[in-house]
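> Need the 3D shape of this:
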Amino acid sequence: MRQIGKALSTAVLTFAVVSSFSQAALASPPIDETQATEPSPPDAVAGLTAPKLLRGRLFYSDLPRHLALQRQTLAVSVNYNVGLDGVPSDCRVIKSSGQPELDTLACELIVQRFRYSPAKDADGHVMAARIVETHTWKVRR
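Residues are numbered from 1 along each chain as shown. Below you'll find the predicted structure:
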């Protein structure tokens, strides 16, 4: 945070990611479990570095069995903070999968599993960021 005049400014950068999870058949092992694009800063915010995912993934096998048996594509869009320490927090569903259990599970697993190197400003100082992403579980036919 920087003092600007007498106003305190706390910049939070937002990045977008899309992930998808696939499985050819319920009895076979997952294939292409995740396809995620790295978040990248918008052109208008030159000099800023996006948080980089160091570890953590969601898997097709995370899908509750009764939902997997329905063999339908499910997607949940979430946003969450990445703190100065690279730990996600405050995960919120912004577009439901239609399955509240899956929506809640996605946020819980993101906070438990994901770790980032934090975002940095143009001067190299770490800063908070907000990630916006969609996770999709789909069955390949």
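> all strands of this structure, in order?
Assigned by DSSP state E, the chain shows strands spanning 2-4, 7-9, 13-23, 52-55, 74-82, 88-95, 115-117, 119-120, 126-127, 129-139.
> other SSEs contacting the last one?
Translated: strand 129-139. In terms of contacts (3 or more C-beta pairs under 8 Å, 6 or more residues apart in numbering; DSSP states H and E), strand 129-139 is packed against strand 13-23, strand 74-82, strand 88-95. The C-beta positions use only the backbone N, C-alpha and C, and glycine is treated the same way.
> quick one: contacts of the second one?
With contact meaning C-beta atoms under 8 Å, 6 or more residues apart in numbering, strand 74-82 is reached by 12, 14, 51, 63, 67, 88-99, 102-103, 106-107, 110-111, 116, 118-119, 128-138.
> what pLDDT, on average, does stretch 95-105 get?
Averaged over stretch 95-105, pLDDT sits at 95.
> scratch that, stretch 108-119
With pLDDT averaged residue by residue, stretch 108-119 scores 96.
> Done for today, thanks.
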